[in-house]
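# I'd like to go over a predicted model; first the sequence, then the structure.
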Amino acid sequence: MAKINSLNISKKKSIKKTPVQKVEITLEGLAGDAHSGDWHRMISLLALESVDKMRAAGLNVGPGDFAENITTEGVDLLALPLGTRVRLGQDVIVEITQHGKECHDRCAIYHEAGDCVMPKEGVFAKVEKVGELKTGDIIEVLA
């Protein structure tokens, strides 16, 4: 069963995010997060399996260390086509809008961790329906 492993926020961009137990999702993303806004990358998602891959390569990293808002578990994010709608928890619905990203400069995360998996394996989404999320909430792919 797919679930939310970690919810992560930060006040600045390009830094590691701090895990929180619950968060309010607004029409601009995670309340209080630097990446919230009226654009197609309101929320970033990265699989725990991707974080584990970096750990296996010898990096000392965990959820939020790649600046992802939501660390997922048990869902192949990159297999979700653009436009796929995903329910997070009971109420929140997001639409997948982008796979990966171009990394123009080596950010603080790259320098701290020694590598960054987000440009290759992260996905981005925009919010369709708001609500509260908690660590451990279920993830359901809708279509």
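Structure's in. What do you need?
# Helix, strand or coil: sort out the residue nearest to the spatial centre of the chain for me.
The structure's the chain has its C-alpha centroid closest to residue 45; by CA atoms, centre = their mean the separation is 2.1 Å. Three-state call for residue 45 (DSSP: H, G, I helix; E, B strand; the rest coil): strand.
# ok so residue 23 is a strand residue?
Yes. Residue 23 sits within a strand when classified using three-state DSSP.
# mind checking pLDDT for it?
At residue 23, the model reports a pLDDT of 98.
# How about the one 5 residues further on?
Here the pLDDT value assigned to residue 28 is 96.
# Just give me the neighbour total for the closest residue to residue 6 other than its chain neighbours.
Once flanking residues are discounted, residue 6 sits nearest to residue 63: 3.4 Å by CB to CB, 6 or more residues apart in numbering. Every residue, glycine included, has its C-beta placed from N, CA and C. Per other CB atoms under 10 Å, the neighbour tally for residue 63 reads 22.
# Check residue 95 too.
Neighbourhood size, residue 95 [other CB under 10 Å]: 17.
# what about residue 43, distance to residue 57?
Separation of residue 43 from residue 57 (CB to CB, to the nearest Å): 26 Å.
# Of those two, which one has the most company?
Counted by other CB under 10 Å, residue 43 and residue 57 do not tie: residue 43 has more neighbours, with 25 against 11.
# What residues does the more buried one make contact with?
25, 29, 30, 35, 69, 70, 94, 124, 125, 126, 127 (CB atoms under 8 Å, 6 or more residues apart in numbering).
# Residue 23 is in contact with the third one, correct?
Right, the one you point to is residue 30. Yes. Using CB atoms under 8 Å, residue 30 makes contact with residue 23 at a distance of 5.1 Å.
# These two: who's more crowded?
Shown here are residue 30 and residue 23; by other CB under 10 Å, residue 30 has more neighbours (25 against 22).
# For the more buried one, give me phi and psi.
The phi/psi pair for residue 30 (degrees, to the nearest 10) reads phi -80, psi 120.
# Run through the residues that contact it.
Neighbouring residues of residue 30 by CB under 8 Å, 6+ apart: 7, 9, 23, 24, 36, 43, 69.
# Just flag the most distant two among these.
Greatest spatial distance in the contacts of residue 30: 7 and 36, 13.3 Å, computed using CB to CB.
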